[in-house]
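# Next input, structure requested:
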Amino acid sequence: MATPAKGKAKIKVTASGKKVSYGQAGKAKDGSRRVQAGTSKGDAYCARSLGIKKGLPKKKQNDPNTPNNLSRKRWKCSGAKSRK
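The predicted structure follows:
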């Protein structure tokens, strides 16, 4: 079983065998899980990561295996908003 890189929460092994680590490891300050989709924190993350996504080349923007796109999927981002 593959382990994520230091400081990363998850790992995805792509069809070609490439290992992609993504997400911030650890817990939130209040002890709950870090990813809380559908909250104002989620909306802030989605807005920030949308800016990152727009700065990438078109090929990378649509690649589902980039760390940014994997994290956006985990946060359930639709544009700049996080949905429940």
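# list the contacts for the residue sitting nearest the centre point of the chain?
By C-alpha atoms, centre = their mean, the chain has its centre lying nearest to residue 71, at 1.0 Å. Residue 71 sits next to 22-23, 45, 49 when contact means C-beta atoms under 8 Å, 6 or more residues apart in numbering. C-beta: built from backbone N, CA, C; applies to glycine.
# And these, which is closest to residue 55?
In terms of C-beta to C-beta, no member of the contacts of residue 71 lies closer to residue 55 than residue 49, at 10.6 Å.
# elements contacting the helix or strand that closest one falls within?
Residue 49 is part of helix 40-54, with elements assigned from DSSP states H and E. Judged by 3 or more C-beta pairs under 8 Å, 6 or more residues apart in numbering; DSSP states H and E, the packing partners of helix 40-54 are helix 67-74, strand 77-78, strand 81-82.
# so residue 38 makes contact with residue 81?
No. Contact criterion C-beta atoms under 8 Å: residue 38 and residue 81 do not qualify, at 9.0 Å.
# on that earlier part again, and the helices and strands packed on helix 40-54 as JSON lines, adding mean pLDDT and distance to residue 8?
Listed next are the helices and strands packed on helix 40-54 as JSON lines, based on pLDDT from 0 to 100; distance: least, C-beta to C-beta, whole Å:
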{"stretch": "helix 67-74", "mean pLDDT": "96", "distance to residue 8": "8"}
{"stretch": "strand 77-78", "mean pLDDT": "96", "distance to residue 8": "18"}
{"stretch": "strand 81-82", "mean pLDDT": "96", "distance to residue 8": "20"}
